[in-house]
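Colleague: can't give you the sequence, but here's the structure:
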């Protein structure tokens, strides 16, 4: 009787041990499967965060570039993205009134993967579109740190080929230009209306001879003597009106019978 009890206990012990080993193997298999699923998911979460952080930085830089354009009339030269933070050296940057962003340059000018943003203010071929004076390219090389969207063509041209994990934005000045053009037209219209209303004291002949200027027109301050690009309005003798040289800053209408180029007239 004792012998049978002993054998029964050993059999139960062996069965118990066997189930424990099997449970451990199943647990390890499930655990390994969970790890295998968790690692890619973790990478996806990290990539999403980096992409989001990079796009937020690019949005800030877009705003800074737009503000720069508002003051300068052009975007910074290629490779000089830091011009939104620090004034470049040279007479061409006399109208710089930044910084147009605040923060640490080492952080702002790099994407979430620690790679400097690619910045280009040059013609870029992309179908029928070209990027130059009024548009520029801002690009992150992505997680693989290789700029696959941008391949160099014949300098200074580039081609957008559309591959890889790059993040890019095309920054346009169109909205800024439209605002500047409208503000300039509004100023010119105010000047011309005041000039017409005060013909008794300020005549076209006075303006032709240079004896009078906008400062002599009643009820107009210095705010109205220049355009949105900082240039004084010019009197056109043949057309009898004040005009702006426009965003290219060139006087293309002097001596002619019509306004030429991008020059802007009042009324």
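Modeller: Cool, the structure landed. Remember, predicted model here, so these are calculated numbers, not experimental data. Residues are numbered from 1 along each chain as shown.
Colleague: I'd guess residue 168 is in a helix, am I close?
Modeller: No. Counting by DSSP: H, G, I helix; E, B strand; the rest coil, residue 168 is not part of a helix but strand.
Colleague: number of residues surrounding it?
Modeller: Here the number of neighbours of residue 168 (other CB atoms under 10 Å) works out to 17. (C-beta placed from N, C-alpha, C; glycine too.)
Colleague: which strand residues bridge it?
Modeller: The partner list for residue 168 in beta bridges (DSSP bridges) reads residue 139.
Colleague: can you check the pLDDT for it?
Modeller: At residue 168, the model reports a pLDDT of 74.
Colleague: that one is in contact with residue 136, isn't it?
Modeller: No. Checked against CB atoms under 8 Å, the pair residue 168 and residue 136 is beyond contact range at 11.0 Å.
Colleague: pLDDT below threshold where in the stretch 1-150 of the chain?
Modeller: For the stretch 1-150 of the chain, residues meeting the criterion pLDDT under 70 lie at 1-25, 27-46, 122-134, 149-150.
Colleague: all helices for it, in order.
Modeller: 2-72, 105-108 (DSSP state H, counting those that start in this stretch).
Colleague: what comes up buried for the shortest one?
Modeller: Within helix 105-108, the residues that qualify as buried are residue 108, counting by 16 or more other CB atoms under 10 Å.
Colleague: who are the packing partners of it?
Modeller: Counting contacts by 3 or more CB pairs under 8 Å, 6 or more residues apart in numbering; DSSP states H and E, helix 105-108 packs against helix 2-72.
Colleague: how many other residues sit next to residue 64?
Modeller: Residue 64 is flanked by 23 other residues according to other CB under 10 Å.
Colleague: give me the phi and psi for residue 265.
Modeller: phi -110, psi 160 (degrees, to the nearest 10).
Colleague: which strand residues bridge it?
Modeller: residue 243.
Colleague: I'd say it and residue 241 touch.
Modeller: Yes. If you go by CB under 8 Å, residue 265 and residue 241 touch, sitting 5.2 Å apart.
Colleague: mind checking how far residue 66 is from residue 262?
Modeller: From residue 66 over to residue 262 the distance is 20 Å, taken as CB to CB, to the nearest Å.
Colleague: for residue 91, same thing?
Modeller: In terms of CB to CB, residue 91 sits 22 Å off from residue 262.
Colleague: these two: which is more packed in?
Modeller: Neighbours per residue (other CB under 10 Å) separate residue 91 from residue 262, with residue 262 holding more: 16 against 5.
Colleague: just the element for that one, please.
Modeller: Taking DSSP states H and E as the definition, one finds residue 262 inside no helix or strand.
Colleague: right, and it touches residue 252 too?
Modeller: Yes. Here residue 262 reaches residue 252: they are 7.4 Å apart, a contact under CB under 8 Å.
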